[in-house]
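Novice: Here's my sequence, what's the structure:
(2 chains)
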Number of protein chains: 2
Amino acid sequence: MQTHSHLRQLAILSTLLCTPAISFAQNVQATANNIEYPKGLTNWRVIGTSIRSDNNTQRVILGNSIAIKAARANTGKQEWPKGTILAKLVWKNDTLATWKAATVPGDFVHAEIMLRDTKKYATTGGWGFARWTGLDLKPHSQDSNAGEACFTCHQAAKDTNYVFTVPAKLP
Amino acid sequence: MQTHSHLRQLAILSTLLCTPAISFAQNVQATANNIEYPKGLTNWRVIGTSIRSDNNTQRVILGNSIAIKAARANTGKQEWPKGTILAKLVWKNDTLATWKAATVPGDFVHAEIMLRDTKKYATTGGWGFARWTGLDLKPHSQDSNAGEACFTCHQAAKDTNYVFTVPAKLP
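Specialist: Numbers count the residues shown, from 1 in each chain, chains lettered A, B, ... in the order given. Prediction:
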């Protein structure tokens, strides 16, 4: 009984210490290719940023703990182990009212992830691709083969395991 | 004694659960205006991004837990309570080799923070300003009044508590 009591204390403490006081997007539907939206994604650590002039958007690239460990390993060659999830939060570009030379996030466009599993996703470069649109995170496509369209575009990054993102240099 | 044993267990558990397996920048010198570099800053959660065409840089804006709670509160009016730290990691703009229309982080320029304490920093809008340059995080200035130069520029954001950043919309 005492052991149970300890375990209960420990469980409560870990919840108190580690759960940010933030509500997550709940009840987000899995994509048609059966990829679940990762809960707590907006609390993940940063890997980089990018701005695209071809579609007028900017994004932050985040990673789950496996991705962050890999991104910050500084081994010379970037590896992405099984279970890596790379996530992009994408916004339309807007101009900052108080500093006109600054382009900042406007409307939220979508969240998208790449999930590493070389066996499960062997036909799409070892990555499962998924996208949810808008602040209410609606699955982007009803097509269970939508990942193949993503993969087609990601061919341009074939030499970096189909990942466009190069982790930003961090102090 | 039993209580001490419990506390020790709890302390160990909280360390195990909450410490990311990442080394932080160590032995970073405080700025001339006596602001310490926050350990673990690169593990903080994201508030936004921005790109500046006037100095060819892009940045991610991160916050400590007080800042994140405030940024994500959706109260309508943005408040920054005492103890808020807003941080910017800033890079020179570079072009992504695999997608030429994407501008991505190049060389690391500096890390800078704004630390909220309306009494301590009453003469600079209630914020302590600090900046560390380069990946080795050298204090940017030897001038103990350097925060005043920051504050001068931040006058443009007077209506938003001298904060340029508007938290990005998150799902």
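Novice: Now do stretch A:132-145: everything it contacts.
Specialist: A:25, A:28-34, A:37, A:108-112, A:130-131, A:146, A:149, B:169-171 (Cβ atoms under 8 Å, 6 or more residues apart in numbering or on different chains). All C-beta spots, glycine's among them, are computed from the backbone N, C-alpha and C.
Novice: make it 7 Å
Specialist: Residues external to stretch A:132-145 that are found in contact with it (Cβ atoms under 7 Å, 6 or more residues apart in numbering or on different chains): A:25, A:28-29, A:31-33, A:37, A:108, A:110-111, A:131, A:146, B:169, B:171.
Novice: again, but for stretch A:154-170
Specialist: A:47-49, A:61, A:71-72, A:78, A:80, A:86, A:114, A:125, A:127, B:42, B:91, B:96, B:98-99, B:104-105, B:108, B:135.
Novice: Now, these that are in strands?
Specialist: A:47-49, A:61, A:86, A:114, A:127, B:91, B:96, B:99, B:104-105, B:108 (DSSP state E).
Novice: Who wins on neighbours among the residues you listed?
Specialist: A:Met114 (30 neighbours; other Cβ atoms under 10 Å in any protein chain shown).
Novice: what sits against it?
Specialist: A:Leu86, A:Trp127, A:Phe129, A:Val163.
Novice: Contacts only, for the first one.
Specialist: Just to be clear, that refers to A:Leu86. A:Leu86 touches A:Ile61, A:Gly63, A:Ala67, A:Ile113, A:Met114, A:Val163, A:Thr165, counting by Cβ under 7 Å, 6+ apart.
Novice: Where does pLDDT dip in chain A?
Specialist: Scanning chain A for pLDDT under 70 picks out the ranges A:1-26.
Novice: can you give me the strands in it?
Specialist: Under DSSP E, chain A gives strands at A:45-52, A:57-63, A:85-95, A:102-116, A:127-133, A:138-139.
Novice: Could you identify which of the ones you listed is most buried?
Specialist: Counting by mean count of other Cβ atoms under 10 Å in any protein chain shown, strand A:57-63 has the highest mean neighbour count of the strands of chain A, with a mean of 25.
Novice: List the neighbouring strands of it plus their orientation.
Specialist: Strand A:57-63 has the following strand partners under DSSP bridges: strand A:45-52 (antiparallel), strand A:85-95 (antiparallel).
Novice: need those strands in TSV with distance to A:Tyr121, can you?
Specialist: Formatted as TSV, these follow (distance: least, Cβ to Cβ, whole Å):
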stretch	distance to A:Tyr121
strand A:45-52	20
strand A:85-95	12
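Novice: Bridge partners for the residue nearest to the spatial centre of chain A, pull those for me.
Specialist: In chain A, the residue lying closest to the centroid (Cα atoms, centre = their mean) is A:Ala87, at 1.3 Å. A:Ala87 has these beta-bridge partners by DSSP bridges: A:Leu62, A:Ile113.
Novice: Can you verify my assumption that it contacts A:His110?
Specialist: No: at 10.8 Å, A:Ala87 and A:His110 do not qualify as touching, with contact defined as Cβ atoms under 7 Å.
Novice: Bridged to A:Val92, which residues?
Specialist: Heads up, residue A:92 is Lys, not Val. A:Thr57.
Novice: Run a quick check on it versus A:Val104, I expect a contact.
Specialist: No: when contacts are counted by Cβ under 7 Å, A:Lys92 is not listed as touching A:Val104 (10.2 Å).
Novice: Show me what A:His52 is bridged to.
Specialist: Just so we're on the same page, residue A:52 is Arg rather than His. The partner residues for A:Arg52, given DSSP bridges, come to A:Thr57, B:Ala102.
Novice: quick one: it and A:Thr75, what's the gap?
Specialist: 28 Å (Cβ to Cβ, to the nearest Å).
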